[in-house]
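K.L.:
quick one, what's the 3D model for this:
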Amino acid sequence: MAAVSLRNSGSLLSLFSKSFFRPELNALCSYHKKVVDHYENPRNVGSLDKNEKNVGTGLVGAPACGDVMKLQIQVDENGKIVDAKFKTFGCGSAIASSSLATEWVKGKSVDEALKIKNTDIAKELCLPPVKLHCS
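P.N.:
Okay, the predicted model is just below:
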């Protein structure tokens, strides 16, 4: 009986490795290099002083997966965003999206920044449709 189990286990392992460890499947399941870059080297992580009059704070969460992002911007007297910081609890796509968003809003007016859509971020990072909510 033990020999049969081992034989079956070997067959299952062989089937598993042939099915799931093929290079063409791994390529389909990997993140784009832009996501990896922003995840491994996130830009603008941290917090701004929420008590400053020119600092705004937003908090958003995605109930579908539990991602939570805090985004803060600092605006100058002309309405330009001079600094942005984020803290994100979530997957690599959420962290990369937050990092990219802070880069994109800096130097823009608040009105210009409001025109940035999550679909723009997802497109730039080459996120698959299933990860759109992360952006």
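K.L.:
for this structure, just list every one of the strands.
P.N.:
Defined through DSSP state E, the strands belonging to the chain, from first to last, are 55-62, 67-75, 81-89.
K.L.:
nearest to residue 37, out of the ones you listed?
P.N.:
Within those, the stretch nearest residue 37 is strand 81-89; the backing value is 15.6 Å (C-beta to C-beta). Heads up, the C-betas are built off the backbone N, CA and C, glycines and all.
K.L.:
where does pLDDT dip in the chain?
P.N.:
In the prediction, the chain carries residues with pLDDT under 70 at positions 1-29.
K.L.:
just how off-centre is stretch 120-135 within its chain?
P.N.:
Between the centre of stretch 120-135 and the centre of its chain there are 8 Å (C-alpha atoms, centre = their mean, to the nearest Å).
K.L.:
and it, C-alpha only, in PDB?
P.N.:
The C-alpha coordinates for stretch 120-135 follow below in PDB (Å, rounded to 0.1, in the frame of the first residue of the first chain):
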ATOM      1  CA  ASP A 120      -4.600  55.500 -16.100                       C
ATOM      2  CA  ILE A 121      -2.400  54.100 -13.300                       C
ATOM      3  CA  ALA A 122      -3.300  50.500 -14.100                       C
ATOM      4  CA  LYS A 123      -2.500  51.100 -17.800                       C
ATOM      5  CA  GLU A 124       0.900  52.600 -17.000                       C
ATOM      6  CA  LEU A 125       1.800  49.700 -14.700                       C
ATOM      7  CA  CYS A 126       0.400  47.100 -17.100                       C
ATOM      8  CA  LEU A 127      -1.900  45.700 -14.400                       C
ATOM      9  CA  PRO A 128      -4.200  42.900 -15.500                       C
ATOM     10  CA  PRO A 129      -8.000  43.500 -15.300                       C
ATOM     11  CA  VAL A 130      -8.200  41.500 -12.100                       C
ATOM     12  CA  LYS A 131      -5.900  43.900 -10.400                       C
ATOM     13  CA  LEU A 132      -7.700  47.100 -11.500                       C
ATOM     14  CA  HIS A 133      -9.200  47.600  -8.000                       C
ATOM     15  CA  CYS A 134      -5.600  47.800  -6.600                       C
ATOM     16  CA  SER A 135      -5.000  51.000  -8.500                       C
END
